[in-house]
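*Asks:* With the sequence up front, the predicted model follows.
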There are 2 protein chains.
Amino acid sequence: MPKTLAYLGPEGTFTHQAAQIFTTHYTTDSAYKLLPCPDIPEVMEAVAQGTVEQGIVPAENSIAGTVNITADLLAHELNLFIQGEIVLDITHHLLSFTPDLAQIHTVISHPQALAQCRHFLKNHLPHATILKKESTAEAVRLLKEEKQTGTAAIGSLASHLHYQVPIKYWHIGDFPHNQTRFLLLEKNPLPHPNPQKTSLIVFPQANRPGQLYEILGVFAKYKLNLCKVESRPDKKELGSYLFLIDYESTLPSSKLQPVFLELKKVTISYKNLGSYPVYRYKDKSNH
Amino acid sequence: MPKTLAYLGPEGTFTHQAAQIFTTHYTTDSAYKLLPCPDIPEVMEAVAQGTVEQGIVPAENSIAGTVNITADLLAHELNLFIQGEIVLDITHHLLSFTPDLAQIHTVISHPQALAQCRHFLKNHLPHATILKKESTAEAVRLLKEEKQTGTAAIGSLASHLHYQVPIKYWHIGDFPHNQTRFLLLEKNPLPHPNPQKTSLIVFPQANRPGQLYEILGVFAKYKLNLCKVESRPDKKELGSYLFLIDYESTLPSSKLQPVFLELKKVTISYKNLGSYPVYRYKDKSNH
């Protein structure tokens, strides 16, 4: 039986690309079935319910920040574990069947892609109507299906290859270093032989001065390099937070018991999402 | 000449309500013109360019977290100062002209309102099509304009009062303590006589272990109660952040020079967004 890997679809999204890269380059399991899901909660719930073996969802973009729904479901609603991280370069292109830029009156894409190409749109298509779609791939799919003239979509190389809509302008993003981290999720924690990074959700004690300082002190004491500290609302009251903490370490969690014991003393609780490898994929064809 | 206060519109949004509460209860300037703007960047740019005297935008919701576009424009793009914070209870209601819940086949609203009523929708309208609109007020306005039957909107009491669409279900939100902080912004810093809170954007030194710990140490040393610490991407590379830091203090910034001097030693720079009062409005009619 091939394993099923659910991902945030439709086909041609950046998450689809991350799923393909993972199954092609970073796993020895050969037969994989990729299953597109319409939104992030569906991917994560399918993994939690055991209807699929694994799932891939975006977790953080270098421009837009944390993907809140992913963080909130991991913190508050589902018991899932991270088995790997895939880091992808995000490049936006302008796709259209309309040959002349002057004839483009509408631009469609995902709100984040539109926001990340704000300067290009201001300079080159200041009068175009902007329409938001569920994903960049969905925008390109619509363009293909309806063969709309006068409309352009902002999409990825993957969506161009998948839907065969011509690229009119390459690399229209405002920020040169645009990357997204995707998480590979499983229902049960499987200790990885070569972890690089650990993710924790930390529930602090009552909202009082110095709490975060104390928590960070534990990591400072053990010289663990924090790669991310972020507060997210605990959804109980305004100004009350939990913390997303990622640290770099090649030691498996089992070797870090003293850290966890001290963490326990200064918090209400913490949730260990797993120690996992980081896959940084460099696509040389991605010109 | 009356002052103009720009806000995230259209009329009937929660930000409109915050603007009305501010001008009615918390300022001695009597004549105010309220100007709706279609998005957050337009409100903030109007203030930065001086075409309006003040602006109000949402900054953080107790369930969904920081409003990223507001934080990013304050940190990266515009020089604006916070003159006050208005905290509002957020209550969602189901509005419709259709008397019978069984006949409602479509629900429209802002994506965040839809997400915050997920359990209600699952339990009471599991088969309804969900359509996302630019704001809750826009959804209610559309409902009113098109007199759509079979459609319901999730909206506020203010949108109900403004557009006169009947409320079918009161309080359909999943979380009982739903509040939003709105910021009152001005172009020039005006020291407030009774500040309660200060907001800083802190640009850390190179991404190295212990940097945030050092920064928080400065506040711990002076016993300043941090009410918020959040990382946001610095938009240069994945894993590289700046920090949004709010602390409680009734002292004006001018009395906190030693804190700023120490902060300067352990960071590249910081941006002081101002020391300001917090207005917590309790609406007794908001049943």
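*Replies:* Thanks, I have it.
*Asks:* which residues touch the residue nearest the centre of chain A?
*Replies:* Compute the mean C-alpha point of chain A, and by C-alpha atoms, centre = their mean the closest residue is A:Pro58, 1.6 Å away. Applying C-beta atoms under 8 Å, 6 or more residues apart in numbering or on different chains to A:Pro58 gives the contacts A:Leu8, A:Phe14, A:Thr15, A:Ala18, A:Ile40, A:Val67, A:Thr70, A:Thr180, A:Arg181, A:Phe182, A:Leu183. Any C-beta I mention is one placed from the backbone N, CA and C, and that applies to glycine too.
*Asks:* Sort out for me which of those residues are in strands.
*Replies:* Of the contacts of A:Pro58, the ones assigned to strands by DSSP state E are A:Leu8, A:Thr180, A:Arg181, A:Phe182, A:Leu183.
*Asks:* what's the nearest residue to the second one once chain neighbours are set aside in contact with, if anything?
*Replies:* Distances taken as C-beta to C-beta, 6 or more residues apart in numbering or on different chains place A:Asn61 nearest to A:Thr180, at 4.7 Å, with adjacent residues excluded. Taking C-beta under 8 Å, 6+ apart, we find A:Asn61 in contact with A:Val67, A:Ile90, A:Gln112, A:Asn178, A:Gln179, A:Thr180, A:Arg181, B:Pro233.
*Asks:* Point me to the residue of the stretch 1-150 of chain A nearest chain B.
*Replies:* With C-beta to the nearest C-beta, the shortest gap between the stretch 1-150 of chain A and chain B falls at A:Ser62, namely 4.0 Å.
*Asks:* burial count for A:Ser135?
*Replies:* By other C-beta atoms under 10 Å in any protein chain shown, 24 other residues sit near A:Ser135.
*Asks:* quick one, helices of chain A?
*Replies:* Shown for chain A, the helices assigned by DSSP state H span residues A:14-25, A:40-48, A:68-72, A:111-116, A:118-124, A:136-146, A:157-163, A:211-221, A:257-266.
*Asks:* Give me every residue in the stretch 1-150 of chain A lying close to chain B.
*Replies:* A:Glu60, A:Asn61, A:Ser62, A:Ile63, A:Ala64, A:Gly65, A:Asn68, A:Ile69, A:Val87, A:Ala115, A:Lys132 (C-beta under 8 Å from any C-beta of the partner chain).
*Asks:* Just the buried subset of the residues you listed, please.
*Replies:* A:Glu60, A:Asn61, A:Ser62, A:Ile63, A:Ala64, A:Gly65, A:Asn68, A:Ile69, A:Val87, A:Ala115 (16 or more other C-beta atoms under 10 Å in any protein chain shown).
*Asks:* okay, among these, which ones form the most distant pair?
*Replies:* A:Val87 and A:Ala115 (20.7 Å; C-beta to C-beta).
*Asks:* right, and A:Ser249 touches A:Pro277 too?
*Replies:* No - using C-beta atoms under 8 Å, A:Ser249 makes no contact with A:Pro277, being 12.0 Å away.
*Asks:* Now the common contact residues for the two.
*Replies:* Common neighbours of A:Ser249 and A:Pro277 are listed as A:Pro195, A:Gln196, A:Lys197 (criterion: C-beta under 8 Å, 6+ apart).
*Asks:* quick one, what contacts the second one?
*Replies:* Residues touching A:Gln196, when contacts are defined by C-beta under 8 Å, 6+ apart, comprise A:Glu248, A:Ser249, A:Thr250, A:Tyr276, A:Pro277, A:Val278.
*Asks:* that older thread, which residue comes closest to the residue of the stretch 1-150 of chain A closest to chain B once chain neighbours are left out?
*Replies:* Nearest to A:Ser62 is B:Leu238, by C-beta to C-beta, 6+ apart, at 4.0 Å.
*Asks:* Around the nearest residue in space to A:Glu214 that is not next to it in sequence, count how many other residues there are.
*Replies:* Of all residues not flanking A:Glu214 in the chain, A:Val266 sits nearest, at 4.7 Å (C-beta to C-beta, 6+ apart). Counted by other C-beta under 10 Å, the residues lying close to A:Val266 total 17.
*Asks:* residues contacting A:Val266?
*Replies:* Listed by C-beta under 8 Å, 6+ apart, the contact set of A:Val266 reads A:Gln205, A:Gln211, A:Glu214, A:Ile215, A:Gly217, A:Val218.
*Asks:* likewise A:Lys264?
*Replies:* Each residue near A:Lys264 by C-beta under 8 Å, 6+ apart is listed here: A:Tyr270.
*Asks:* In terms of pLDDT, where does it sit?
*Replies:* pLDDT for A:Lys264: 94.
*Asks:* what does A:Asn123 give?
*Replies:* As predicted, A:Asn123 sits at a pLDDT of 93.
*Asks:* Also A:Ala31?
*Replies:* pLDDT for A:Ala31: 82.
*Asks:* unless I'm mixing things up, A:Ile154 is touching A:Ala139, no?
*Replies:* Yes - between A:Ile154 and A:Ala139 there is a contact under C-beta under 8 Å: 7.0 Å.
*Asks:* Mutual contacts of these two, please.
*Replies:* Counting by C-beta under 8 Å, 6+ apart, the contacts common to A:Ile154 and A:Ala139 are A:Ile108, A:Ser109, A:His110.
*Asks:* what's the burial count for the last one?
*Replies:* The number of residues packed around A:His110, counting by other C-beta under 10 Å, is 22.
*Asks:* so it sits right up against A:Ile130, yeah?
*Replies:* No - counting by C-beta under 8 Å, A:His110 does not reach A:Ile130; the two are 11.5 Å apart.
*Asks:* ok so, going back, and which of the buried ones among the residues of the stretch 1-150 of chain A next to chain B is nearest to A:Phe97?
*Replies:* A:Ala115 (24.4 Å).
*Asks:* Isn't the closest one up against A:Ala64?
*Replies:* Yes - the criterion here is C-beta under 8 Å, and A:Ala115 meets it with A:Ala64 at 7.3 Å.
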